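In: Pasted the sequence and its predicted model underneath.
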Amino acid sequence: MGIQFKTTAQMAIMARAGVVVEAALAAARTAAVVGATTADVDAAAAAVIAERGATSNFLGYHGFPATTCVSVNDEVVHGIPGNRVLEDGDVVSIDCGAIVEGWHGDSAITLVIGDTPDPDDVALSDATRTAMWAGIAALTTAKRLNEVGAAIEDVAIAARLHPMEGFVGHGIGTEMHQEPDVLNYRVRGRLPKVQPGMCLAIEPMFIRGTDQSLTLSDEWTVVSADGSRAAHWEHSVAVHEAGIWVLTASDGGAEGLAPFGVVPVPAW
Ligand code: MG
Ligand code: MG
């Protein structure tokens, strides 16, 4: 369908979906404690989405059976919540989305839980989150999406980590996944221009080992090929005439963007 350009009014609705996702992830974060199951984490997010009168865009997506993806340790993305019990030191990525009036939000966080986190896991999650903010900040100056991928990859290189090959961010709007792809690394070819009206999910996935992954026999769970741990952070962002606004953060991303000297402004 090509790139769907949004009006400021449509972006305002997407921001409503975004804050539902933010609240769902906050509940999921609280639920993700040692001894809880990944299904408990999912249920916490699902309750918030229902409470707010929104709908899950993950549930039933190509048959996906839950409201969130909960990916633990070597699982990078698309983990299916279930009876797995979270343990001290686990790296837990939670990806969640919601729909309000037909418009989608999509965001992900990573937690290192318990009392004895491996400092290298904390560094992994921190670098992935920093790379997400660097990629979002790059949208304010980038001519093309290549510069977003470069900003993300630079953070990975500095941290001696690897963006997972073959998994990318995306346009978002009346569907969760739209054109264009937003790569987390440099490519030779010219990617689309960054233009007002674009809404994009920026989502670096970093692995401590190599950049290669495998999909498990459940046909969903993506794990690092070498068994090393991975992190995933994501926000949905609106690009408009006056600047950018992070749709899945109620402050528009102000706190995360401050180190980059970027002040988000609402489109509406
Ligand atoms: Mg997501
Ligand atoms: Mg996404």
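Out: The structure has been received and is ready for your questions. Ligands and ions are numbered 1, 2, ... in the order given.
In: burial measure for D126, as a count.
Out: For D126, the neighbour count with other Cβ atoms under 10 Å is 16. Using the backbone N, CA and C atoms, a C-beta is placed for each residue, glycine as well.
In: Repeat that for the one 10 residues further on.
Out: Using other Cβ under 10 Å, the number of residues around I136 comes to 27.
In: shouldn't it be in contact with L257?
Out: Yes - with contact defined as Cβ atoms under 8 Å, I136 counts as touching L257 (6.6 Å).
In: any shared contact partners between the two?
Out: V246 (Cβ atoms under 8 Å, 6 or more residues apart in numbering).
In: Minimum distance to ligand 1, which residue of the stretch 151-268 of the chain gives it?
Out: E234 (4.8 Å; Cβ to the ion).
In: Confirm for me that that residue is in contact with V182.
Out: No - counting by Cβ under 8 Å, E234 does not reach V182; the two are 10.4 Å apart.
In: Need the overlap of contacts for the two.
Out: If you check E234 and V182 against Cβ under 8 Å, 6+ apart, the residues they both contact are G169, A201, I202, E203.
In: Out of the residues you listed, who's the most crowded?
Out: I202 leads these on contacts (other Cβ under 10 Å) with 30 neighbours.
In: for the closest residue to that residue other than its chain neighbours, what are its contacts?
Out: Spatial nearest neighbour of I202, excluding adjacent residues (Cβ to Cβ, 6 or more residues apart in numbering): G135 at 4.6 Å. Applying Cβ under 8 Å, 6+ apart, we find G135 in contact with V148, G149, A151, I152, G169, V182, N184, I202, P204.
In: Repeat the analysis, applying 6 Å as the threshold.
Out: G135 makes contacts with V148, A151, I152, I202, as judged by Cβ atoms under 6 Å, 6 or more residues apart in numbering.
In: Check L86 too.
Out: L86 neighbours (Cβ under 6 Å, 6+ apart): V34, A36.
In: For the closest residue to ligand 1 within the stretch 101-250 of the chain, what are phi and psi?
Out: Residue nearest to ligand 1 within the stretch 101-250 of the chain (Cβ to the ion): D106, separated by 4.2 Å. Dihedral pair for D106: phi -150, psi 120, per degrees, to the nearest 10.
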